[in-house]
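Trainee: Pasting the sequence and the predicted coordinates here, then a few questions.
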Amino acid sequence: MGAAKSAPFTLSKITMDATPNALAPLNRTQGWTTGMLLLALAATRLIAASSYMSTEPLPVATDWRTLSEDAVTYDMPAYNLLAGYGYSGSLVAPHEPSALRTPTYPLTLAAVYTMFGRSSLAAVAANVLFDFIAAVFLFGVARRKLPAWWAIAFLGAVVVLAPWSCFLGRRLTEPLATMLVSASLYLLMLPASSKRWLGLGVCLGMLVMCRPVFALLPVVLAFWALSDHAVGLRKDLARPVAAMIVGVLLCWGPWTVRNAVVFDRFIPLAVAGTGLSLWASTWHDGGRYWQVKEGPDGEITRTLPDQAFASDAERKRVVPAFDHYIELFFSGGGGLAIAEPDRKLREVALDKIRERPVDWMALRARRTVHLLAQRYFITGEILDTRSSVERARRGLQVRRFFGQIAWVIAILSGLGILLSVLKPSWRPVSIVFLYTWLIHFPTHALPRYLAPGYGAAMLLAIFAIHQSYAKLRHRV
């Protein structure tokens, strides 16, 4: 008999170097524990979200105050689609086409409203489902990479922590984006095949169309897969990577074509947004962004703090552009008009960064501290249910406590990233977390923006604890 040929190296050699018993079936005790934790997961999410649920029909926005925060810019395109006005964020007629928000979340809201009615109950219930599915995907990653009890311990941490869960009651992208990130991570853990990576590409494409800042993540993952030196046969990965790119384009392409037809212009993602964020990054160091005052006649005025301007010349350049941008944004104006004030703000920001690069980098480093110090945890959301006075005092204590936990997770995740250098199968987890963190570094970024990548941080943290425990046990 001839010598048996050695099996070719594929990406499965990277993704399958888990702990030997990581994929062993759960025993009876482990199965019951997992089941109880899944029930606790559902219960905690429903408790946290219950106060936001209402069967009353949502009001149709007539100004930006009708819905909180950025919710109006996601809800109105969904409403206008169902009302037959097309993909528009306009609050009143004429409903001009919009390219201010990419379509994954507005389309999801439209589908939910079609099936269950346009109420906060429907939207929040969908968020609860997204959150539960995200946790299951993250647990699936842990099961493939950790011994059973360690994976179960991770699931327990997700039940009581999970900062992304605190956005269940808001019509924002965090729950859906977290589910898509978690699904992408899970697919990355499976042995590579064209079929699986086509699904991965669809997940990533929907993620990009949900949060445009993830636009380069497919490129980063493709580069990692084709250049990781743990395997030598890159040709074996060409088809899976190509399938992933096809999946991304299946989601991305129709939006770009739609924009080209509607606006007669190449708009791959959103028409504006980077200019305002980049300018804010040159001065905003926490606290309130701007002061809002309402006059007797209902007129809204917004005043930027003096620290926003390095000179009177900058003030003269910024204020008109800022006022114009905000007016268009909160009126649902997502047409090409908003691109002009955004461009002016971007020019001011770039000039300011070139003049004072050291100051800008120092400010970004301080903001990174705020970005990592997540104070949003599901347990804190449940505990913060007192009367107004007691709630303020209790809420401050809760935020401080979970802010400290956030730092522990951030430090442990950093250790996990270092350890992943020696563990190829953990590199995708490190890539997803580092990308989510670093992509927000140059811009004005609120801590909640990191929420979709925080599941990867928690995985890295439990990985670091497991590795440290294993080494300590080996020495003893």
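Mentor: Perfect, thanks for sending it.
Trainee: shouldn't Val292 be in contact with Ile300?
Mentor: Yes: under the criterion of CB atoms under 8 Å, Val292 makes contact with Ile300 at 6.4 Å. (Each C-beta comes from the backbone N, C-alpha and C, glycine too.)
Trainee: And these two? Which one has more around it.
Mentor: Using other CB atoms under 10 Å, the more surrounded residue of Val292 and Ile300 is Ile300, with 14 against 11.
Trainee: Per-residue confidence at the nearest residue to that one once chain neighbours are set aside, what does it come out as?
Mentor: Ranked by CB to CB, 6 or more residues apart in numbering and with sequence neighbours excluded, the top spatial neighbour of Ile300 is Glu294, at 5.7 Å. Per-residue pLDDT puts Glu294 at 72.
Trainee: how many neighbours does Glu294 have?
Mentor: Neighbours of Glu294 using other CB under 10 Å come to 10.
Trainee: so how far is Phe377 from Lys423?
Mentor: 28 Å (CB to CB, to the nearest Å).
Trainee: if you count what's nearby, which of those two comes out ahead?
Mentor: Phe377 (24 against 18).
Trainee: Look up the pLDDT of the more buried one for me, please.
Mentor: 82.
Trainee: thought it was touching Trp164?
Mentor: No: here Phe377 does not reach Trp164: they are 9.9 Å apart, not a contact under CB under 8 Å.
Trainee: now the strands for this structure?
Mentor: Assigned strands in the chain, in chain order: 291-294, 300-303 (criterion: DSSP state E).
Trainee: what residues are up against the spatially closest residue to Leu37 that is not a sequence neighbour?
Mentor: Residue nearest to Leu37 in three dimensions, not counting chain neighbours: Leu155, with 5.0 Å by CB to CB, 6+ apart. Contacts for Leu155 (CB atoms under 8 Å, 6 or more residues apart in numbering) come out as 34, 37-38, 41, 135, 139, 142.
Trainee: From Leu278, how far off is Asp351?
Mentor: From Asp351 to Leu278 the distance is 11 Å (CB to CB).
Trainee: now do Val124
Mentor: In terms of CB to CB, Val124 sits 33 Å off from Leu278.
Trainee: Check the gap between the closest residue to Glu340 other than its chain neighbours and Arg400 for me.
Mentor: For Glu340, ignoring the flanking residues on the chain, the nearest one in space by CB to CB, 6+ apart is His324 at 7.7 Å. Distance, His324 to Arg400, using CB to CB: 39 Å.
Trainee: Same drill for these two, tell me which one is more crowded.
Mentor: More neighbours surround His324 than the other of His324 and Arg400, with 18 against 10 (other CB under 10 Å).
Trainee: who's more crowded, Asp351 and Leu278?
Mentor: Leu278 (21 against 14).
Trainee: I figured the more buried one hits Ala349, correct?
Mentor: Yes: using CB under 8 Å, Leu278 is in contact with Ala349, at 4.1 Å.
Trainee: and Val181, how many neighbours does it have?
Mentor: Val181 has 31 nearby residues by other CB under 10 Å.
Trainee: If I look at Phe322, what pLDDT would I see?
Mentor: Model confidence at Phe322 (pLDDT) stands at 91.
Trainee: any idea how far Thr173 is from Trp360?
Mentor: 27 Å.
Trainee: Gln467 now?
Mentor: Separation of Gln467 from Trp360 (CB to CB) stands at 37 Å.
Trainee: Next: Val369.
Mentor: 16 Å.
Trainee: More neighbours: these two, which one.
Mentor: Neighbours per residue (other CB under 10 Å) separate Val369 from Trp360, with Trp360 holding more: 18 against 11.
Trainee: tell me, how many neighbours does the closest residue to the more buried one other than its chain neighbours end up with?
Mentor: Leaving aside its chain neighbours, Trp360 sits nearest to Ile353 (4.9 Å; criterion: CB to CB, 6+ apart). Neighbour count for Ile353, taken as other CB under 10 Å: 18.
Trainee: Give me the neighbour count for the nearest residue to Gln467 once chain neighbours are set aside.
Mentor: In space, and not counting its chain neighbours, Gln467 is closest to Leu419: 5.4 Å by CB to CB, 6+ apart. As a burial measure, Leu419 scores 17 neighbours (other CB under 10 Å).
Trainee: Please list all residues in contact with Val250.
Mentor: Careful, residue 250 is Leu; it's not Val. When contacts are counted by CB under 8 Å, 6+ apart, Leu250 is found next to 201-202, 205.
Trainee: Could you measure from it over to Tyr105?
Mentor: For Leu250, the distance to Tyr105 - CB to CB - is 18 Å.
Trainee: thought Leu237 was touching Ala225?
Mentor: Yes: the criterion here is CB under 8 Å, and Leu237 meets it with Ala225 at 5.2 Å.
Trainee: ok, residues contacting stretch 163-170?
Mentor: 44-45, 48-49, 51-53, 68-69, 71, 120, 124, 127-128, 131, 134, 174-175, 178, 374, 376-378, 380-381, 406, 448, 451-452, 454-455.
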